[in-house]
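[1] Predicted model and sequence follow; I will ask about them next.
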Amino acid sequence: MKRIGVLFGMENSFPGALVERINARNVEGIEAEFVQTGAVQLDKPPAYSVIVDRISHDIPFYRAFLKHAAINGTVIINNPFWWSADDKFFNYTLAAKLGVAVPPTVILPHKLHPEGTTDRSMRNLEYPLNWDEVFAYVGEHGFMKPVDGGGWRDVYHIRTREEFFAAYDQSRDLCMMYQKAVDFTDYYRCYVVGQEKVHIMPYDPRKPHAERYVQNAAQDAAGKKLLKRIEQDCLTLCRALGYDLNTVEFAVEDGIPYAIDFMNPAPDADMQSVGAENFEWIVNAMADLAIAKAKLAPHVLELRWAPLLGGEAAPKPAKKPAKKKSASKMTAVKGADNGTASAVEQRGNEGGTEEKV
C-alpha cells in the first residue's frame, strides 16, 4: 500500500478535504492520511510515498524530517531542498531573466545588525547608503517587505520618503526589499499545480484577508490575450522554480501583468477565504497530483548525490591521451636554470588528472 501523507498546522478545511478526496477516488493500492511522526530514526525510511507539506516553513523539525524522507525516495510537495534555499529577491531576478515583467526592486541591508554580528562584520557595506539612487530607481511610492517573508507579515505600503524611513526603522534585523508600487487596474492570484494546471482568480489585496478573493468575477472582461500571458508566465515561473504547488500574483498596469509574489509553496487554501469554487478546484487538482506522484514513487530527487544512491558511481571523465611534444617545444618550456618544467606544462598535466569521486 502506498500512503499519501498531509503535513499541516493550524489550517482546518484543506487538509481534511484533500485526504477525503484522495480516498474517495478508491485508487487501488493508494490511501491518504494525516502524517504522524515522532523522533525520526536515521536508519528508518518514512512510511509515506508522497507527503504534501503545508507547515515545514515554520517548523525546522518538520523540514529536517522531510529532507530525510526525500533522500529515501518520498516525493515531497514541495521540494524541501529548493524551498529552504529560495528567497523572493532571487525569484525576482530569475523572473526578469526569464522575460516575466517585474517592478523595479532593491534589496536593503539590515537596519539592525543580525544577532551575533557587529559593525566590524559590515566592513564591506557602503556607508552611508546612497538613498537618492534607491529612490531614483524605485520611486517614493512602493512596498517594503521581507526577502523571505509570507502572509503579509512586516509589509509596509510606502508613499513618501518619510514613510520609507519610518518603516525601515521598524524592520529590526530583517532583510528587506523595496519594490515600486504598481498602479494596477486588475489583480490576479493564480493556483499553479503540477507545473501544468493554472487556475486564475481575481483578487484584491487592498481588502481584508477574508474578502480578497473576488467571488463570481467575470474573467472574460480582462481579455483572452492577457489571461493567456498570465497563464504562460505562471508556468514559466513555476517550472523554473521547480514548485508543484504555488500561487503567483499579478498586478496589471497598462495591460502589462507584473509578477508581484510567487514564492508561496504552501499557499492559502482555506475554504472560508478562497471561496467554494476555488476551494473545489484546488482540492481536486492536488488530489490528482498526489495520486499521480504516488503511482511513480519512490523517486529520488535529481541532486548531486542521486547517482550514488542506486549503487552506481557517477561516471569518471575519459582520460585524454597525452600528446607528444616535439623536441623544440619541450626546450621552449624548460626552465633556464635547472631544467624544471614551467608552470604552463604543469597546468597542462593537472588538467589531465582524473577527479576523485
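    Ah, there it is.
[2] Could you say which helix or strand holds E231?
    Of the helices and strands defined by DSSP states H and E, E231 is found in helix 224-241.
[3] Any idea how far that helix is from the middle of the chain?
    Remark: helix 224-241 is offset 16 Å from the chain centroid, using Cα atoms, centre = their mean, to the nearest Å.
[4] Contacts for it next, please.
    82, 86, 91, 94-95, 98-101, 188, 190, 192, 195-196, 198, 200, 219, 244, 246, 248, 250, 252, 255, 257, 259, 262-263 (Cβ atoms under 8 Å, 6 or more residues apart in numbering). Every C-beta, even on glycine, is put in place using the N, C-alpha and C of the backbone.
[5] The same query, at a cut-off of 7 Å, please.
    Residues from elsewhere that reach helix 224-241, judged by Cβ atoms under 7 Å, 6 or more residues apart in numbering: 94-95, 98, 100, 188, 190, 192, 195, 198, 200, 219, 246, 248, 250, 252, 255, 257, 259, 262.
[6] likewise stretch 33-53?
    For stretch 33-53, with Cβ under 7 Å, 6+ apart as the criterion, the contacting residues are 2-7, 15, 18-19, 65-66, 68-69, 72, 74-78, 80, 266, 286, 290, 293-294, 297-298.
[7] and with 8 Å instead?
    If you take Cβ under 8 Å, 6+ apart as the criterion, stretch 33-53 is touched by 2-8, 15, 18-19, 30, 62, 64-66, 68-69, 72-78, 80, 245, 265-266, 286, 290, 293-294, 297-298.
[8] From start to finish, how long is that stretch in a straight line?
    The first and final residues of stretch 33-53 sit 13 Å from each other (Cα to Cα, to the nearest Å).
[9] what's the single longest helix in this protein?
    In the chain, ranked by residue count with DSSP state H as the criterion, the top helix is helix 276-296.
[10] I figured A287 hits I22, correct?
    Yes. At 4.9 Å, A287 and I22 qualify as touching, with contact defined as Cβ atoms under 8 Å.
[11] Per-residue pLDDT of K356, please?
    Note on K356: pLDDT of 33.
[12] And V50, by the same measure?
    If you check V50, the pLDDT there is 98.
[13] Show me the beta-bridge partners of it.
    Under the criterion DSSP bridges, V50 forms beta bridges with I4, V75.
[14] One more: H199?
    Taking DSSP bridges, one finds Y191 as the beta-bridge partners of H199.
[15] Settle this for me: it is touching E280, isn't it.
    No. Under the criterion of Cβ under 8 Å, H199 lies out of contact with E280, with a separation of 10.3 Å.
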